[in-house]
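Peer 1: Quick one: sequence plus predicted model below, questions after.
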Amino acid sequence: MAPVPSHHRPRLGVLLSGTGRTLQNLIDRIVDGRLRASIAGVASDRDAAYGLQRAMEHGLDAQHLREPSEIWSYLQEVDCDLVILAGYLRLLPIIPDFKDRVLNIHPSLLPKHGGKGMHGDRVHAAVLAAKETESGCTVHLCNERYDDGRVLLQARVPVLPGDDVKKLAARVFAAECEAYPAAIAMHWQALNTR
């Protein structure tokens, strides 16, 4: 994929498996001007994912696609520049055209508490069980292993006495809402100044 002129706002292809909270955050940041980007399309591996309905309510193209070949065809069809995993729970083999263009956010400070099966409340429960004093989120590039690619940005939050999974999850998600748009903008700029 050729470098794109830096004045070009990235077209994001968003993949999700659940409610689409992260998608909503990106939409909100684009609408209020804090994230200079557009959403080219949204796909989910689950046809009942509320995130698909949320996408359609915002006038976005939304598709239920399970096979990696279908997903990549769709992302190329909608002409996206970056692929944003937003609570997408499957391992997606990255095609060469999209090397270094697929980003994920994980609700811990990787490499701690990552890997297959580590998502959502399981991560926060593991952080609490390990008696960590801090947690946070990690935005990273994706490769062929879960939660393993190069880290782009981490945001830290304290683990407080009396925290349960719900309280910690809320604090980490607030950090995610800031970190993901910032990392997308930063990475897009880096890709365009190579």
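Peer 2: Thanks, I have the structure now.
Peer 1: wait, doesn't Gly51 sit right on Ala86?
Peer 2: Yes: Gly51 lies in contact with Ala86 (Cβ atoms under 8 Å); the separation is 7.4 Å. All C-beta atoms are positioned from the backbone trio N, CA, C, and that covers glycine.
Peer 1: between those two, what contacts are shared?
Peer 2: When contacts are counted by Cβ atoms under 8 Å, 6 or more residues apart in numbering, the set common to Gly51 and Ala86 consists of 16, 20, 23.
Peer 1: would CSV of those with distance to Ala174 and secondary structure be doable?
Peer 2: CSV is the format used below for these (distance: Cβ to Cβ, whole Å; DSSP: H, G, I helix; E, B strand; the rest coil):
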residue, distance to Ala174, secondary structure
Leu16, 19, strand
Gly20, 17, coil
Leu23, 16, helix
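Peer 1: ok, so of those residues, who is nearest Ala129?
Peer 2: Here the nearest of these to Ala129, counting by Cβ to Cβ, is Leu16; it sits at 27.2 Å.
Peer 1: mind listing what the closest one touches?
Peer 2: If you count contacts by Cβ under 8 Å, 6+ apart, Leu16 has them with 22-23, 42-44, 49, 51-52, 85-88.
Peer 1: can you do 6 Å?
Peer 2: Contacts of Leu16 were listed using Cβ atoms under 6 Å, 6 or more residues apart in numbering, and they are 23, 44, 51, 86-88.
Peer 1: What strand or helix carries the closest residue to it other than its chain neighbours?
Peer 2: What sits nearest to Leu16 in space, not counting adjacent residues and going by Cβ to Cβ, 6 or more residues apart in numbering, is Gly51, at 4.1 Å. Take DSSP states H and E as the rule and Gly51 turns out to sit in helix 50-57.
Peer 1: Can you give me the buried ones in the helix or strand just after that helix?
Peer 2: Once the chain leaves helix 50-57, the next helix or strand it forms, by DSSP H and E, is strand 62-64. When burial is assessed from 16 or more other Cβ atoms under 10 Å, strand 62-64 yields the following buried residues: 62-63.
Peer 1: Show me what strand 62-64 is packed up against.
Peer 2: Packed against strand 62-64 by the contact rule (3 or more Cβ pairs under 6 Å, 6 or more residues apart in numbering; DSSP states H and E) you find strand 38-44, helix 50-57.
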